[in-house]
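# Fold the stuff below for me.
(2 chains, ligands or ions: 2)
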Protein chains: 2
Amino acid sequence: MYPEILHCNACGQRVEFRTPDGDHLPRHVCPACGHIQYRNPKVIVGVIPEASDGRILLCRRNIEPRLGLWTFPAGFMEMGETSGQGAAREALEESQADVEVDELLMMINVPYVSQIYLIHRGRMRSDHHGPTFESSETKLLREEEVPWDQIAFPTIWHSLKRYFEDRRAGVWRIHTLDLAYRPRPPERAEVSRGEPEGG
Amino acid sequence: MYPEILHCNACGQRVEFRTPDGDHLPRHVCPACGHIQYRNPKVIVGVIPEASDGRILLCRRNIEPRLGLWTFPAGFMEMGETSGQGAAREALEESQADVEVDELLMMINVPYVSQIYLIHRGRMRSDHHGPTFESSETKLLREEEVPWDQIAFPTIWHSLKRYFEDRRAGVWRIHTLDLAYRPRPPERAEVSRGEPEGG
Ligand SMILES: [Zn+2]
Ligand SMILES: [Zn+2]
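Ligands and ions are numbered 1, 2, ... in the order given. As a prediction, this is how the structure comes out:
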C-alpha cells in the first residue's frame, strides 16, 4: 500500500532517505533537484446506508483483502471531495446505492496502518442496490441479521455497533476511537489472504 | 503543495496521466513498470491548549503562508501516529508546550485544497510555552483577547469559535464543518503572500 519510494517523482533520480535541515523525521530527499517526497496518512471514508424500512446495507467483499467478508461502503478518499461526497461515491461504486449522506458517526485512528476512518450515517434515496466489481453481493439487513463474526475490519465492526447503539438510544452522537494496536480480527478474517488494508 | 508528478517513484521513468483499467479517475501510471502513484487528501491535526487559568495558547506564525497571523498548534499528520499524538507533537514543535490532548472538537472538510482538519481540545501540563522556528511569539489569551481579525485560517477561526461556545455552554461536543468554497479570509490575511496551505 505504501510501496518503497526509490526515485524522485519530479526528476526521476534516485532519492536519499534522510532528515532534511530543520525537519525532525527522515524523508525521501532528491539529491539532484532537492525535491522532498512526503508520505502521509490516508483517509478512508464510508457510510452506513439505511433503507426506508430501517434495514442497513452491507456488501460482501469481492476483492482482497478480506474477500468474502462483509462491510458497508467505504474506501480511500479522493482529491477535491468532502468526506460526505466521498462516502456517497463509494456507496454508488460498491453497492449501486444512491445514498444521502448525513452527519459523521465515527472518526477512528488506525495508526499502525497510518489511516483515519471517517464514517457517516446515510439514507438510501431508493431501495435499489446490487453487486459491483468490488461487491459480490449486497444485502439489506436488520440488526439481528448482521453477520458480526464475518465483518471485514474492526473499524467496520465498531462503527456498526455504535450505529445501532445510538439508534436504539434515539440520540445520534459523533464517536471517536483509537485502535492503538493491531486488534485480533474476527474469526473468519483469520483465513483471509494478504495484508489487511485497514483497521 | 502537490507538485506535479512527472516520474515514477518506483523506477524513475516518465509517467503517463490516464485512467487505469477498472478505475474511474486518471492516475499517474508508469508505462515501464506499471506502478500507479496515487495522490490523496492530507490530514491536518491540531489542538487548542488550555492553561490552568482557562486562557488558551495561540502562536504567531513565523513562516509563510500567513506569516504574522495567529493560530493554535496544527500541522500535517505524520505516518504512524494518531490525531491526538500528532496534535501533541505539533504543540511541542510550534509552542514548546507540553499538552495533554483530549477529545476531538472539530472535523473540517476543506475540499478545495484536499484537506481534512482534525482539531482536539487539550490541557497544558504546565504553563511553559515559548517561540520556536515556526512561531515568532506564543501567548496565553482570554477569549476577549483573541485577535479574531488576525487569525491565520478560517479553519482555525471556526474551531476557536466552537471551543468558546461549548465551554460557555458547559457541554463539549464534536462539531463538523464543510468549507464548500474558498472563503474570504480575515482582513489581515488578504495581505499575506503566497498560497494558503489550508482552509
Ligand atoms: Zn529530483
Ligand atoms: Zn515505474
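
# Next, the contact list for the residue minimising distance to the centre of chain A, please.
Centroid-nearest residue in chain A: residue A:44, 3.7 Å away (criterion: C-alpha atoms, centre = their mean). Going by C-beta atoms under 8 Å, 6 or more residues apart in numbering or on different chains, residue A:44 touches A:74-77, A:115-118, A:155, A:198. For the C-beta atoms, the positions are set from N, CA and C on the backbone; glycine is no exception.

# The same query, at a cut-off of 7 Å, please.
A:74-77, A:115, A:117, A:198 (C-beta atoms under 7 Å, 6 or more residues apart in numbering or on different chains).

# ok, for it, nearest residue in space, not its chain neighbours?
residue A:117 (4.9 Å; C-beta to C-beta, 6 or more residues apart in numbering or on different chains).

# now the angle between strand B:115-124 and the helix or strand hosting that neighbour, please.
Assigned by DSSP states H and E, residue A:117 falls within strand A:115-124. Interaxial angle, strand A:115-124 versus strand B:115-124 (axes from the mean of the first three to the mean of the last three C-alpha atoms, to 10 degrees): 120 degrees.

# Show me what the helix or strand following strand A:115-124 packs onto, helices and strands only.
Counting by DSSP H and E, the next helix or strand C-terminal to strand A:115-124 is strand A:135-141. With contacts taken as 3 or more C-beta pairs under 7 Å, 6 or more residues apart in numbering or on different chains; DSSP states H and E, strand A:135-141 sits against strand A:56-61, helix A:83-95.

# Show me the contact partners of strand A:135-141.
Outside strand A:135-141, the residues touching it (C-beta under 7 Å, 6+ apart) are A:51, A:55-62, A:94-95, A:129-131.

# Cross-reference the contacts of residue A:44 with the strands and report the matches.
Among the contacts of residue A:44, the residues falling in strands (DSSP state E) are A:74-76, A:115, A:117.

# From one end of stretch A:4-11 to the other, what's the distance?
The first and final residues of stretch A:4-11 sit 17 Å from each other (C-alpha to C-alpha, to the nearest Å).

# so what's residue A:71 up against?
By C-beta under 7 Å, 6+ apart, the neighbours of residue A:71 are A:58-59, A:61, A:151-153, A:156.

# Now do the lengthiest helix in chain A and strand A:56-61, the angle between them.
Criterion DSSP state H: the longest helix present in chain A is helix A:154-169. Angle, helix A:154-169 to strand A:56-61, by the same axes, to 10 degrees: 170 degrees.

# can you give me the mean pLDDT across the strand holding residue A:117?
The average pLDDT for strand A:115-124 rounds to 98.

# from the chain's centre, how far out does it sit?
Chain-centre distance of strand A:115-124: 9 Å, with C-alpha atoms, centre = their mean, to the nearest Å.

# Then stretch A:12-22?
31 Å.

# How about that stretch, which residues are buried there?
Judged by neighbour count (16 or more other C-beta atoms under 10 Å in any protein chain shown), stretch A:12-22 contains these buried residues: A:12, A:15.

# buried stuff in the longest helix of chain A?
Neighbour count says helix A:154-169 has A:154-163, A:166-167 buried, by 16+ other C-beta under 10 Å.

# That one near chain B anywhere?
No: shown here: helix A:154-169 not in contact with chain B (C-beta under 7 Å from any C-beta of the partner chain), separated by at least 12.7 Å.

# which residues are contacting the helix or strand just after that helix?
Note on helix A:154-169: by DSSP H and E, the next helix or strand toward the C-terminus is strand A:175-178. Outside strand A:175-178, the residues that touch it by C-beta under 7 Å, 6+ apart are A:105-109, A:158, A:162, B:82, B:84, B:103-104.

# ok and the residue in chain A nearest ligand 2?
Closest contact between chain A and ligand 2, by C-beta to the ion, is at residue A:7 (7.9 Å).

# which residues touch the closest residue to that residue other than its chain neighbours?
Here the nearest residue to residue A:7 in space, its sequence neighbours aside, is residue B:12; by C-beta to C-beta, 6+ apart that works out to 3.7 Å. If you count contacts by C-beta under 7 Å, 6+ apart, residue B:12 has them with A:7, A:12-13.

# My read is that the residue of chain A closest to ligand 2 contacts residue B:5, right?
No: contact criterion C-beta atoms under 7 Å: residue A:7 and residue B:5 do not qualify, at 11.2 Å.

# For those two, work out which one has more neighbours and name it.
residue A:7 (22 against 17; other C-beta atoms under 10 Å in any protein chain shown).

# tell me the pLDDT at that one?
pLDDT, residue A:7: 96.

# Also the one 10 residues further on?
Among the per-residue scores, residue A:17 shows a pLDDT of 94.

# can you list the domains in chain A?
A:1-39, A:42-178 (the TED database).

# right, and residue A:47 touches residue A:118 too?
No: applying C-beta under 7 Å as the test, residue A:47 and residue A:118 come out as separate, 9.8 Å apart.

# Turn the helices and strands packed on strand A:135-141 into CSV, including mean neighbour count and mean pLDDT.
Below are the helices and strands packed on strand A:135-141 laid out as CSV (neighbours: other C-beta atoms under 10 Å in any protein chain shown; pLDDT from 0 to 100):
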stretch, mean neighbour count, mean pLDDT
strand A:56-61, 24, 98
helix A:83-95, 24, 98
